[in-house]
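Colleague: got a predicted model here, sequence first, then my questions.
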Amino acid sequence: MINIKILSIILIFTGKLGFSFAQEANGPSDLLSNSFHQDRREVLRSKLPKNSVAVFFASPIRNRSNDVDFIYHQDPDFYYLTGYREPHALLLVFKEEQVTKNGNTYNELIFVQPKNERAEMWTGVRLGTNGTKEQLQILNAFPNTDFQSYDIEFKKFDKILFYDFRNDVRDTRAAGDLFDLIDQFKEKANYNQEELAFEPKKNNLDAVSLKGFMDDLRGIKEPVEIGLIRKAVDISCIGQAEVMKAIKPGMSEREIQGVHEFVFRKYGSEYQGYPSIVGAGKNGCILHYIENYKPEINSKELILMDLGAEYRGYTADVTRTIPVNGKFSKEQKAIYDLVYKAQDAAINESKAGVSFKYTVGVARKIINEGLFELGIIDSINQPHLYFPHGLSHHIGLDVHDKGNYDKMEANMIITVEPGIYIPEGAKCDKKWWGIAVRIEDCILIKESGRPELLSDLAPRKSELIEKMMKLSSPLEKFTLPELDK
Ligand code: GLY
Ligand code: MN
Ligand code: MN
């Protein structure tokens, strides 16, 4: 007779008892740890006002077409605070200890997808409540179907902090889905969308302040986050360097995108942090050009490549602009070196205590003076659209990450990304038309002195790019059969 201990081991391995935790079981070993998430919840709690609760919802599943959804990506705040990567979940972080009718105390609650053998056969194993307790160490975990009946007296709080809701959350057939959780929260918390639209802090509802708390937390990176971002940035830079070696006139923008993204995957990056931008010639003038549909890049063009690997949820954001034929023309080099000069000056000025506004001014001044010297604008004060975007943003779990944008502080990780884009038909000599250059690097702000350049594995100076482009690529040997025309 099989003994009960052996039976339970068999059941654990077949997942029948709901104890197999595939969210992480076969996954990478360098994900953020439970103690990281727990510590972040504690720090958030310390910032919350008295007698308050902060409410976070998982990201919705978004439909791509018919029965195909977009790849699921957890809401970064939800992930940061819990490590939970599944949909249809709700987290409540209370400022003070709460007491149940039975006298038990708790200061956080999470409602998660319950185990469901049939659903798991199609979309993968769920953590369930046991997995959430044991693996994520969030002890007050309940099935999302329990939220409706869970006794929380929202009106007793001075503040209920939450983000106002997106309107694209679909109801599914599953009880306790995100649609239900939001609906039930609205009812329990006495939420009225019209009132809140006019007055985002209404009664005890506050759809404004949570962002500030999360900006404070997420804008300053913990050591483990810095480690993961370093990796995401290194991977992205190696992608840039490999493309510098592999690129040839006649390749398509899409193929070049594929080389970058192949390198990302080769290093275990799970995804891109944002849609990859690969624009040759005038396509580089479109700031967020993500079609990447040009079938053959031209030998005389520049190609602007803005890509970031996402590694364990953290994304890089690195741009390089290179000449397709390996050598910058005179005009291309003049623009490139001007953007480089502006970027280098802005990087050197990016220090703790310095305002974001100041470094933008540093870069803009250099670019305006340079454009004037090249005869592209008539005066340094002439309004123009050749540098139409900002200079720096935080990176992290989002490419445009949460964080404060007043003064720089130690352990912020930000981009520095000046650019010059001269579209065809611009009011300057034709020889400049179609030149688009952005150089984007990621830097770590230090306690004092100049920042650390994290993205130094991708050559940045024009001469070093040309040197790298002379090297041979292993992809030269990678050939595929011709397809019938
Ligand atoms: N890749 C988007 C940006 O540079 O901000
Ligand atoms: Mn950027
Ligand atoms: Mn970018």
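Modeller: Thanks, I have it. Ligands and ions are numbered 1, 2, ... in the order given.
Colleague: going along the chain, name the helices of the stretch 1-150 of the chain.
Modeller: With helices called from DSSP state H, counting those that start in this stretch, the stretch 1-150 of the chain shows them at 4-14, 34-47, 76-82, 117-123, 128-134.
Colleague: now do the stretch 201-350 of the chain
Modeller: Using DSSP H, counting those that start in this stretch, helices in the stretch 201-350 of the chain cover 209-219, 223-246, 253-266, 330-349.
Colleague: deepest-packed of these, please.
Modeller: Highest mean neighbour count of the helices of the stretch 201-350 of the chain: helix 223-246, a mean of 22 (counted as mean count of other CB atoms under 10 Å). The C-beta positions use only the backbone N, C-alpha and C, and glycine is treated the same way.
Colleague: now do it: which elements does it pack against?
Modeller: Where contact means 3 or more CB pairs under 8 Å, 6 or more residues apart in numbering; DSSP states H and E, helix 223-246 is packed against helix 253-266, strand 302-307, strand 309-311, strand 314-315, strand 318-323, strand 441-444, helix 462-469.
Colleague: can you tell me which of these comes nearest to residue 37?
Modeller: strand 314-315 (14.3 Å; CB to CB).
Colleague: on that earlier part again, next, format the helices of the stretch 201-350 of the chain as a markdown table and append mean pLDDT and distance to ligand 2.
Modeller: Formatted as a markdown table, the helices of the stretch 201-350 of the chain follow (pLDDT from 0 to 100; distance: least, CB to the ion, whole Å):
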| stretch | mean pLDDT | distance to ligand 2 |
| --- | --- | --- |
| helix 209-219 | 98 | 15 |
| helix 223-246 | 98 | 12 |
| helix 253-266 | 98 | 16 |
| helix 330-349 | 98 | 12 |
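Colleague: nearest to residue 380, of those helices?
Modeller: Closest among these, using CB to CB: helix 330-349, at 13.0 Å.
Colleague: quick one: name whatever helix or strand follows the closest one.
Modeller: Downstream of helix 330-349, the first helix or strand assigned by DSSP states H and E is helix 356-373.
Colleague: check whether the following helix or strand past that following helix comes near ligand 3.
Modeller: Sequence-wise, the next helix or strand beyond helix 356-373 is strand 413-416, with elements assigned using DSSP H and E. No - counting by CB under 5 Å from the ion, ligand 3 has no neighbours in strand 413-416; the shortest distance is 6.6 Å.
Colleague: and the helices and strands packed on helix 223-246: which comes nearest residue 85?
Modeller: strand 309-311 (12.9 Å).
Colleague: pull up the gap between residue 405 and residue 391, please.
Modeller: Computed with CB to CB, to the nearest Å, the distance linking residue 405 and residue 391 is 11 Å.
Colleague: what sits in contact with each of these two?
Modeller: Listed contacts common to residue 405 and residue 391 are residue 356; contacts here mean CB atoms under 8 Å, 6 or more residues apart in numbering.
Colleague: these two: which is more packed in?
Modeller: residue 391 (24 against 15; other CB atoms under 10 Å).
Colleague: what's the burial count for residue 483?
Modeller: Neighbour count for residue 483, taken as other CB under 10 Å: 5.
Colleague: in the sheet, who's paired with residue 436?
Modeller: Residue 436 has these beta-bridge partners by DSSP bridges: residue 421.
Colleague: export the helices and strands packed on helix 223-246 to JSON lines and tack on distance to residue 337?
Modeller: Shown next, in JSON lines, are the helices and strands packed on helix 223-246 (distance: least, CB to CB, whole Å):
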{"stretch": "helix 253-266", "distance to residue 337": "23"}
{"stretch": "strand 302-307", "distance to residue 337": "13"}
{"stretch": "strand 309-311", "distance to residue 337": "28"}
{"stretch": "strand 314-315", "distance to residue 337": "28"}
{"stretch": "strand 318-323", "distance to residue 337": "12"}
{"stretch": "strand 441-444", "distance to residue 337": "16"}
{"stretch": "helix 462-469", "distance to residue 337": "6"}
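Colleague: near ligand 3, which residues of the chain show up?
Modeller: Residues of the chain lying near ligand 3 (CB under 5 Å from the ion): 306, 317, 440.
Colleague: ok, the last one touching residue 416?
Modeller: It stands for residue 440. Yes - Residue 440 lies in contact with residue 416 (CB atoms under 8 Å); the separation is 7.2 Å.
Colleague: burial check on the nearest residue to residue 385 once chain neighbours are set aside, number of neighbours?
Modeller: Sequence neighbours aside, residue 421 is the residue nearest to residue 385 in space, at 7.9 Å (criterion: CB to CB, 6 or more residues apart in numbering). Residue 421 has 23 neighbours, counted by other CB under 10 Å.
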